[in-house]
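next one to model:
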Amino acid sequence: MWDVTIGRRVVDSGAFVSENIDLSGLTTLRVGGPARLLAECPSTESLVEVVRLLDRERIPTLILAGGSNLVVSDSGFDGVVVRVANTTVSLDADRVIAEAGAVWDEVVAQSVAAELGGLECLSGIPGSTGATPVQNVGAYGVEVGSRLRRVQLLDRRSGEVSWVDPSVLELGYRSSVLKHSADAVVLSVEFVVSADGTSAPLQYRELAAALGAEEGARLPSTQVREAVLELRTGKGMVLDPYDHDTWSAGSFFTNPVVSDEQLPQVLSVIGDLLGDVPVPQFSAAGGTKLSAGWLIERAGFSKGYPAESAPARLSTRHTLALTNRGSATTADVLSLAREVRDGVFSAFGVRLEPEPVTVGCTI
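This is a model prediction of the structure:
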């Protein structure tokens, strides 16, 4: 697949190369088999040069940074894993520019410490900055798409590097044109922030209640960040190497959007099964968004399901997270994911879609 000469050229590009690296150590789920070769790129220049080289030689390549939204098969990846490790962050009065390999929560922390507002609701989300526009990550009423000014991409088809407007990314709910395509690599991201140190308007009821504020209020970004981190920690959604509830890919399923035509039937089924209960629902593009976690729990999958001895379980604090209890394989995680997905569909007729990207495996 490659020879010594190509490996040497990868090293000459400024990358640090290792062989037969276990990918379970590079993902937050801590599952996945070996990579034949790992090329860690500490600068944007080395990242661009290595990817261009591998593409010219038609060598199978997997781009990986924080590994927080990734499920890799137990057989691993028979190619070169390119680790995005460029980490420079620049702060200005109305913008934050972060290279793709920068740890996302550290970028948020730096912006808040510099009294820049707008990113605080996205505190505690694991992973790298480069993944944020790919996934259009969001939490507590704010999506990255609402804070993007532009994104620097390497076009793998042409080899060109350019800054693009967010409008070309077709950002949607936890999606973009980048998510299921290997045609481009994110190199840097520029965000819009406010210089007055106040948060984005509070749009999430739980967060507003935790802060004792009205929805729509703007508070000091430091105060909002602290509240977000406290809420996420209580749900096991802030990484902790000693807490197996955080050995996850975050929310494993997206909240399903049900069409206006389908909604009455779904609500009728829920009513027949559960009685007259309030169903969390929110207006969304294409219909009404339901809570995946709520549906999972009402379908019979409680926190910690299936049992304490199981290698893969739902989080003991959050039914939307599938967790590795220390010895799980990818097969264990996917088996649980299928059981939950199929159980929700059987109970309510709603099909949950996985949020993580899969490599060499399917759910």
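
which parts of the stretch 51-200 of the chain are helices?
Listed in chain order, the helices found in the stretch 51-200 of the chain under DSSP state H, counting those that start in this stretch are 104-113, 131-135.

tell me which of those is the most buried.
Of all those, helix 131-135 has the most neighbours on average by mean count of other CB atoms under 10 Å, namely a mean of 27. Quick note: C-beta positions are derived from backbone N, CA and C, even for glycine.

what about Ser18, is that helix, strand or coil?
The assignment at Ser18 comes out as strand when based on DSSP: H, G, I helix; E, B strand; the rest coil.

for Ala102, see how far away it is.
Distance, Ser18 to Ala102, using CB to CB, to the nearest Å: 22 Å.

Pro166 too?
Separation of Pro166 from Ala102 (CB to CB): 19 Å.

comparing those two, which residue is more hemmed in?
Ala102 (25 against 20; other CB atoms under 10 Å).

that one contacts Val84, doesn't it?
No: the pair Ala102 / Val84 is not scored as a contact, 9.5 Å apart, by CB atoms under 8 Å.

quick one: Ser158 from Leu54, how far?
Noted for Ser158: a distance of 15 Å to Leu54, by CB to CB.

neighbour-wise, which of these two wins?
The neighbour count for Ser158 versus Leu54, taken as other CB under 10 Å, is higher for Leu54 (23 against 9).

please name the nearest non-neighbouring residue to that one.
Of all residues not flanking Leu54 in the chain, Thr61 sits nearest, at 4.7 Å (CB to CB, 6 or more residues apart in numbering).

OK, contacts around the one you found?
Taking CB atoms under 8 Å, 6 or more residues apart in numbering, we find Thr61 in contact with Val51, Leu54, Asp55, Gly79, Val80, Val81, Val82, Ala182.

what about 10 Å?
37, 39, 50-51, 53-55, 77, 79-82, 156, 182, 185 (CB atoms under 10 Å, 6 or more residues apart in numbering).

are any of the residues you listed buried, and if so which?
37, 39, 50-51, 53-55, 77, 79-82, 156, 185 (16 or more other CB atoms under 10 Å).

looking at the residues you listed, spot the one nearest Val142.
Lowest distance from Val142 to the buried ones among the contacts of Thr61 (CB to CB) belongs to Val185, with 25.1 Å.

can you tell me how far the closest one is from Phe253?
For Val185, the distance to Phe253 - CB to CB - is 27 Å.

if we can go back for a sec, got TSV for the helices of the stretch 51-200 of the chain, with distance to Ser73 and mean pLDDT too?
Putting the helices of the stretch 51-200 of the chain into TSV (distance: least, CB to CB, whole Å; pLDDT from 0 to 100) gives the following:
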stretch	distance to Ser73	mean pLDDT
helix 104-113	25	98
helix 131-135	20	96
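
could you give the bridge partners of the residue nearest to Leu54?
Beta-bridge partners of Thr61, counted by DSSP bridges, are Val80.

just the strands from the stretch 201-350 of the chain, written as ranges.
With strands called from DSSP state E, counting those that start in this stretch, the stretch 201-350 of the chain shows them at 248-251, 257-258, 281-284, 287-290, 312-314, 321-324.
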